[in-house]
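**Student:** Predicted structure and sequence below. I'll ask about it afterward.
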Amino acid sequence: MSLSVVQGFTKSLAMTVLSEIGDKTFFAAAILAMRHPRRLVLSGCLAALIVMTIFSVVVGWAAPNLLSRKWTHHITTLLFFGFGLWSLWDGFKEDGEAEELAEVEAKLNADWKTNTSSAKGDSKDDDELKKQRRPILMQFFSPIFLKAFSITFFGEWGDKSQLATIGLAADENPIGVVLGGIIGQALCTTAAVLGGKSLASQISEKFVALSGGVLFIVFGLQSLLSTVES
């Protein structure tokens, strides 16, 4: 295994773990796992995160083919510093450590109540009719799997961790970034699903945000001091 792959893997793994622990999708996976079979929640969340990671890396890998490597390197450096300052700001202004957890839980509770109340009013004949009219995807995949997939995928879309993965893939070995990102996502999501709300409520969002900010600043400094390969 080449040094570039190891470096990309290490950076991606560290960045993913610190970005995803305490993230909205982390809390969503923990809460969903309390209400639905863990196997379906874990597979749905992981599938979404793997698809998002591969997509982000492909975009980052293609960037140097659209712009010069020098420009992509400078843009990546600015992204690292920008995300670092953003994370540090979030950490210092954080008031309640369970704020994001409460926000995600309230949203999922509202969806849960809506679905439960609508399900109670349906008759058996209506259920049979609904099964026949279900979308094609829901005929092949569990609704719980699709719910976990969609919540995670759209929760990650445009998120800081996705943009950072794109920047990292533009500057590092894409294979290493993919492997590190997928393993990091698997570790965090598995911990969320198995640990549930009890684990999620013990996580200090302030500490995670500050740690992530420091890591991004370190990546930015390393990128700033490194030479650009032609």
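**Tutor:** Happy to help now that I have it.

**Student:** Output stretch 49-58 in PDB with nothing but the alpha carbons.
**Tutor:** Extracted C-alpha coordinates of stretch 49-58, given in PDB (Å, rounded to 0.1, in the frame of the first residue of the first chain):
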ATOM      1  CA  LEU A  49     -23.400   7.100   3.900                       C
ATOM      2  CA  ILE A  50     -21.500   4.800   1.500                       C
ATOM      3  CA  VAL A  51     -23.300   6.200  -1.500                       C
ATOM      4  CA  MET A  52     -22.600   9.800  -0.300                       C
ATOM      5  CA  THR A  53     -19.000   9.100   0.400                       C
ATOM      6  CA  ILE A  54     -18.300   7.500  -3.000                       C
ATOM      7  CA  PHE A  55     -20.200  10.300  -4.800                       C
ATOM      8  CA  SER A  56     -18.200  13.000  -2.800                       C
ATOM      9  CA  VAL A  57     -14.900  11.400  -3.600                       C
ATOM     10  CA  VAL A  58     -15.800  11.100  -7.300                       C
END
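
**Student:** Please identify the buried residues of that stretch?
**Tutor:** For stretch 49-58, burial by neighbour count (16 or more other C-beta atoms under 10 Å) applies to 49, 50, 52, 53, 55, 56, 57. (Glycine included, C-beta is placed from N, CA and C.)

**Student:** What pLDDT does the model give the fifth one?
**Tutor:** In this case it means residue 55. Looking at residue 55, its pLDDT reads 94.

**Student:** now it: how far from residue 205?
**Tutor:** 27 Å (C-beta to C-beta, to the nearest Å).

**Student:** so what's the backbone phi/psi at residue 172?
**Tutor:** phi -120, psi 180 (degrees, to the nearest 10).
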